[in-house]
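**Q** give me a 3D structure for the following:
(2 chains)
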2 protein chains.
Amino acid sequence: MNDDSSVHRIAAVVRKHVSDLPPGTRLPSTRELSRAHGVGPVTVQRAVAALVSEGRIETRPGVGNFVAAPRLSRRRDVSWQAAALGPPRPGVPEQAGSGLRGVPDDTIALHSGYPLPALQAGSLVAAALSRAAKDPAASRPAPSMGIPSLRHIFAAELAGRDGCDVGADDVLVTSGGQAALVAAFRGLARPGDTVVMESPTFWGAIAAAAEAGLTVVPIAARPDGPDPDELERVLTLHRARLVYAQPTWHNPTGAAWSPAARSAVLDVLRDHGAFLVEDDWARDLTLEGRTPAPLVCGDPDGHVVHIRSLTKSMAPGIRVAALVARGPALQRIRASRWAADLYVSPVLQLAAAGVLAAPAWQRHLVRLRRELLGRRDALVAAVREHAPLAELTAVPRGGLSLWVRLPDGTDAGTVAARCLQAGLAVSAGDEWFPAEPDGPFLRLGFAAAPPDQFDRAAGILGRVLDGPQP
Amino acid sequence: MNDDSSVHRIAAVVRKHVSDLPPGTRLPSTRELSRAHGVGPVTVQRAVAALVSEGRIETRPGVGNFVAAPRLSRRRDVSWQAAALGPPRPGVPEQAGSGLRGVPDDTIALHSGYPLPALQAGSLVAAALSRAAKDPAASRPAPSMGIPSLRHIFAAELAGRDGCDVGADDVLVTSGGQAALVAAFRGLARPGDTVVMESPTFWGAIAAAAEAGLTVVPIAARPDGPDPDELERVLTLHRARLVYAQPTWHNPTGAAWSPAARSAVLDVLRDHGAFLVEDDWARDLTLEGRTPAPLVCGDPDGHVVHIRSLTKSMAPGIRVAALVARGPALQRIRASRWAADLYVSPVLQLAAAGVLAAPAWQRHLVRLRRELLGRRDALVAAVREHAPLAELTAVPRGGLSLWVRLPDGTDAGTVAARCLQAGLAVSAGDEWFPAEPDGPFLRLGFAAAPPDQFDRAAGILGRVLDGPQP
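**A** Model (predicted):
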């Protein structure tokens, strides 16, 4: 916008001006600045606000704006905290997974788990947010279970598309998929309990379990779903009553459980009186073929707690997800959710409902899937041609990334670090493993970089893998 | 808006129409409905979307809209969950505090802890949200610590207004004050640890502590702040290293700690190597006199973890708060925060930054405080005149409510239930006590009902208290 460039221009002029003045000097009024620079008063106010937030100007309400004094800090002594905090808690990494980290603008971003802005429902979301902000329900705290219209839409989606026996009463709205995971783990288990997870699996789930004080017992992730006998053994051996899984477009491998595995796992859950948290993060991200019906649709008796997130297919700003559960399990999870954040922003809930109900939403999904399919093919071709040592474990039919296995003896972390030095961000596979990794892997995302960078990216990876390994 | 009433009108006509048709019947197209009812296609689409969300219409993308089949559920059997879930966890109530519950429209809402829409920064927030939705940063996941401009503004606010030695690096953005509390309790303590809290205190803090597996040890809340000798004794006796408090406009009593108490508590914290979580929920809600500087400003060494929420003074839709901490404590809390929800909606962060930087924000606060002061006086007068048996414990100089003591032997829950039957919602004081209540209390909010209802409200309370007690 032209307006933004005027704001930046005025801010730069005033920034220069105040750097030459002693602290406490009064600045000209908005009106004077507006006249002197030939811009509107709103532009001046926005420039001043930017400088206030930088700490260069300070506003005394009703008096005026003044050059701020530079902050002089006395040396802090936080050494006492070591004894107060004790050793770090096991299992919770200091930082979120590499897919959430920022990289320099000129780095090719194959590490990120989020679609580029060009693939998002940007204008649809912006329009829905503007409408939501004016809705009377936006000025009241939202109900603890979520805003009724949004709960209806989530339930209708499951009931309509997959013939699922799910009603709005079974739906709890949360602040995104991670918050839903945390509420489910806390609601269904206690510190010291065990949760069974596929290995590899989503690092956020591993962290959520660690935060809830749970012990994670891994079970091998297989291309068609876990081996039911192995699941049975693990549940018995560890006296576990809780499983976490992504049956559709598993992150990171992209696998989808077969119908036989789905039905066998449901049988095991029933036999063991166990819960399974179904993290259906990629429901909207099928690239080829049909999207399997969620596990929850084959389970009327409340063994499956279903989580459906919107962040990846809608926009990162809409931190809204749905959790479906039945019976006392839903009550427990609901209590954990309210204790975590009281209620989910009504503006975001109304905006999510507005987007989901808009006819343009379906068109957005069709376009998104088509674009992602083209990118997947382009990255597969680029890796095969330029980085033949990176072995594709499968060509995923859904999701946002490839999962490649590096030659035995390679260290995935070192490869990722060397790629980054050469201008390519990728994720070392280790963070997806709840226990020891069963080999060196990389995750390569195809949604967060433009496809014309894929050949160059694969070339960098190929050269790093061809070089000497530590 | 007129537009909304057309949507409702068309929705009503179509609802009636589909109720007479067999499931699967195809509906006229948007264009046909638009022509038939003389409204625009957008209006028709919104009406159809409403009926889809009610489950009356189902959309088959690319085909059309159809009358939906009524859902027939088979009887669910969730009885197995009893054994799987075990006994309920201690200390976490199934529902949030009564201040968050909805009441019928014709009930006088003295229970709510949220200002009426008329007192909110509605148009300022709506404009900031619209701008935020178009910001490029809204289409990327936000950094784990928060968006830099917002962190700068929060730090500048503390540094500018109170001369606090706080920089943007000390600030972590969270999804509202409750999420900040949870992250602080989890980051600073482990399950089984003890946290000392004033009694009474905010029910959300009690629940957050219970969810984190902490034991709450109460200390009497006094009008000028806790007795430092008592705090010393409690910390020693329970080997506690963590305190939670609201030193400014304590919820529910409205008290503010004296400068002497502030300084004595800081000394106790230093002597004991302890942390204090300062819940500064009402920084913007001073009604009379000066707002005391936050406790964190007297503490460069990181004993105080400061939480500053925007929800009450800005709008319920902006679930954004700042947490200030130093040293390893900040790192621990940051890890707990990302594990809880990955990142805070960038749209809400940008909108919050936009509102805080707008000149109109200060004008909003001035108006809000003036309005609240008038309401406080009106409710004080009404209670004194019409409900003399409800003893005002103090006339608060900040916050959103009065804390009244009922005659000994009264049951606060029964009084609240009788008031509700008579059309008045109030909160029984019991939920603010982490242990046994030290008497029967009610909290009466003056922000969520129009002041012309206060006389009637106090009249209802007076009649209930005059009646026979159980």
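**Q** residue ranges in the stretch 351-470 of chain A under the pLDDT threshold?
**A** Under the criterion pLDDT under 70, the flagged ranges of the stretch 351-470 of chain A are A:470.
**Q** tell me how many other residues surround residue A:346.
**A** The criterion is other C-beta atoms under 10 Å in any protein chain shown. On that basis, residue A:346 has 25 neighbouring residues. Glycine gets a C-beta too; all of them are placed from N, C-alpha and C.
**Q** now for residue A:299: which residues touch it?
**A** Residue A:299 sits next to A:266, A:269 when contact means C-beta atoms under 8 Å, 6 or more residues apart in numbering or on different chains.
**Q** tell me the pLDDT at it?
**A** With respect to pLDDT, residue A:299 has a value of 92.
**Q** ok, now the one 10 residues further on?
**A** Residue A:309 is assigned a predicted lDDT (pLDDT) of 92.
**Q** hmm, it is touching residue A:176, no?
**A** Yes - Residue A:309 sits in contact with residue A:176 when judged by C-beta atoms under 8 Å, with a separation of 6.3 Å.
**Q** mutual contacts of those two, please.
**A** With contacts defined as C-beta under 8 Å, 6+ apart, the residues shared by residue A:309 and residue A:176 are residue A:321.
**Q** which residues touch stretch A:26-37?
**A** Looking at stretch A:26-37 with C-beta under 8 Å, 6+ apart, the contacting residues turn out to be A:9-10, A:13-14, A:18, A:40-41, A:43-45, A:48, A:57, A:64-67.
**Q** try it again at 6 Å.
**A** Taking contacts as C-beta atoms under 6 Å, 6 or more residues apart in numbering or on different chains, the residues outside stretch A:26-37 that touch it are A:10, A:41, A:44, A:64, A:65, A:66.
**Q** and what of stretch A:238-246?
**A** Around stretch A:238-246, the neighbours that count as contacts under C-beta under 6 Å, 6+ apart are A:188-189, A:194-198, A:205, A:217, A:274-277, A:279, B:84.
**Q** what residues of that stretch count as buried?
**A** Using 16 or more other C-beta atoms under 10 Å in any protein chain shown as the test for burial, stretch A:238-246 gives A:240, A:241, A:242, A:243, A:244, A:245, A:246.
**Q** what does stretch A:370-384 give?
**A** Along stretch A:370-384, the positions that meet the burial threshold by neighbour count (16+ other C-beta under 10 Å) are A:371, A:372, A:373, A:375, A:376, A:378, A:379, A:380, A:382, A:383.
**Q** one more: stretch A:54-63?
**A** Neighbour-count burial for stretch A:54-63, with 16+ other C-beta under 10 Å as criterion, is recorded at A:54, A:55, A:56, A:57, A:58, A:59.
**Q** quick one: it to chain centroid distance?
**A** Between the mean C-alpha location of stretch A:54-63 and the chain-wide mean there is a distance of 37 Å, by C-alpha atoms, centre = their mean, to the nearest Å.
**Q** return the per-residue confidence for whatever residue of the stretch 51-200 of chain A ends up closest to chain B.
**A** Scanning the stretch 51-200 of chain A for the residue nearest chain B gives residue A:78, at 3.0 Å (criterion: C-beta to the nearest C-beta). Residue A:78 carries a pLDDT score of 90 in this model.
**Q** can you tell me the element residue A:114 falls in?
**A** For residue A:114, there is no enclosing helix or strand under DSSP states H and E.
**Q** what about it, neighbour count?
**A** What residue A:114 shows, counting by other C-beta under 10 Å, is a neighbour count of 21.
**Q** could I get the phi/psi values of it?
**A** Comment: the main-chain dihedrals of residue A:114 come out as phi -120, psi 130, following degrees, to the nearest 10.
**Q** residue A:196 too?
**A** Residue A:196 adopts backbone torsions of phi -90, psi 130, taken as degrees, to the nearest 10.
**Q** retrieve the pLDDT associated with it.
**A** Per-residue pLDDT puts residue A:196 at 98.
**Q** what about it, how many neighbours?
**A** Around residue A:196 sit 25 other residues, with neighbours defined as other C-beta under 10 Å.
**Q** so it sits right up against residue A:217, yeah?
**A** Yes - because the distance of 5.1 Å satisfies C-beta atoms under 6 Å, residue A:196 is recorded as touching residue A:217.
**Q** what's the pLDDT at the nearest residue to residue A:140 once chain neighbours are set aside?
**A** Nearest in space to residue A:140, with sequence neighbours left out and distances taken as C-beta to C-beta, 6 or more residues apart in numbering or on different chains, is residue B:316 at 6.0 Å. Predicted confidence (pLDDT) at residue B:316: the value is 92.
**Q** distance to chain B for the buried residues of stretch A:370-384 - can I get that in TSV?
**A** As requested, the buried residues of stretch A:370-384 are exported to TSV (distance: C-beta to the nearest C-beta, whole Å):
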residue	distance to chain B
A:371	15
A:372	16
A:373	18
A:375	17
A:376	21
A:378	22
A:379	21
A:380	25
A:382	24
A:383	25
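**Q** let me see the ranges of the helices in the stretch 351-470 of chain A.
**A** Shown for the stretch 351-470 of chain A, the helices assigned by DSSP state H, counting those that start in this stretch span residues A:359-386, A:412-421, A:454-466.
**Q** tell me the residues of the stretch 251-400 of chain A that contact chain B?
**A** A:273, A:300-302, A:316-317, A:319, A:326-329, A:331, A:335, A:338-342, A:345-347, A:357, A:359, A:362 (C-beta under 6 Å from any C-beta of the partner chain).
**Q** and residue A:58, that one's in a strand?
**A** Yes - under the criterion used here (DSSP: H, G, I helix; E, B strand; the rest coil), residue A:58 sits inside a strand.
**Q** any idea how many residues pack against the nearest residue to residue A:263 once chain neighbours are set aside?
**A** What sits nearest to residue A:263 in space, not counting adjacent residues and going by C-beta to C-beta, 6+ apart, is residue A:298, at 6.8 Å. Applying the criterion other C-beta under 10 Å, we find 17 residues in the vicinity of residue A:298.
**Q** for residue A:229, same thing?
**A** With neighbours defined by other C-beta under 10 Å, the count for residue A:229 comes to 10.
**Q** over to it. Which of the three states is it?
**A** Three states are possible here, and by three-state DSSP the one that applies to residue A:229 is helix.
**Q** could I get the buried residues of stretch A:238-246 as a markdown table with secondary structure and pLDDT?
**A** Conversion of these to a markdown table gives the following (DSSP: H, G, I helix; E, B strand; the rest coil; pLDDT from 0 to 100):
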| residue | secondary structure | pLDDT |
| --- | --- | --- |
| A:240 | coil | 96 |
| A:241 | coil | 97 |
| A:242 | strand | 98 |
| A:243 | strand | 98 |
| A:244 | strand | 98 |
| A:245 | strand | 98 |
| A:246 | coil | 98 |
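**Q** looking at the helices of the stretch 351-470 of chain A, which is buried most?
**A** Ranked by mean neighbour count under mean count of other C-beta atoms under 10 Å in any protein chain shown, the helices of the stretch 351-470 of chain A are led by helix A:454-466, which reaches a mean of 20.
**Q** what residues does that one touch?
**A** Counting contacts by C-beta under 6 Å, 6+ apart, the residues outside helix A:454-466 that touch it are A:108, A:110, A:378-379, A:382-383, A:386-387, A:389, A:415, A:418-419, A:422, A:424.
**Q** same question for stretch A:47-62.
**A** Identification of contacts with stretch A:47-62 by C-beta under 6 Å, 6+ apart yields A:7, A:10-11, A:18, A:65-66, A:68, B:149, B:152-153, B:156, B:160, B:357, B:362.
**Q** check stretch A:107-116 too.
**A** In this structure, residues lying in contact with stretch A:107-116 by C-beta under 6 Å, 6+ apart are A:98-99, A:103, A:316, A:423-427, A:444-445, A:447-449, A:453, A:457, B:141.
**Q** just how off-centre is it within its chain?
**A** A distance of 12 Å separates the centroid of the chain from that of stretch A:107-116, by C-alpha atoms, centre = their mean.
**Q** find the nearest non-adjacent residue to whatever residue of the stretch 351-470 of chain A ends up closest to chain B, please.
**A** With distances taken as C-beta to the nearest C-beta, the stretch 351-470 of chain A approaches chain B most closely at residue A:357, which sits 3.3 Å away. Excluding its sequence neighbours, the residue lying closest to residue A:357 (C-beta to C-beta, 6+ apart) is residue B:49, at 3.3 Å.
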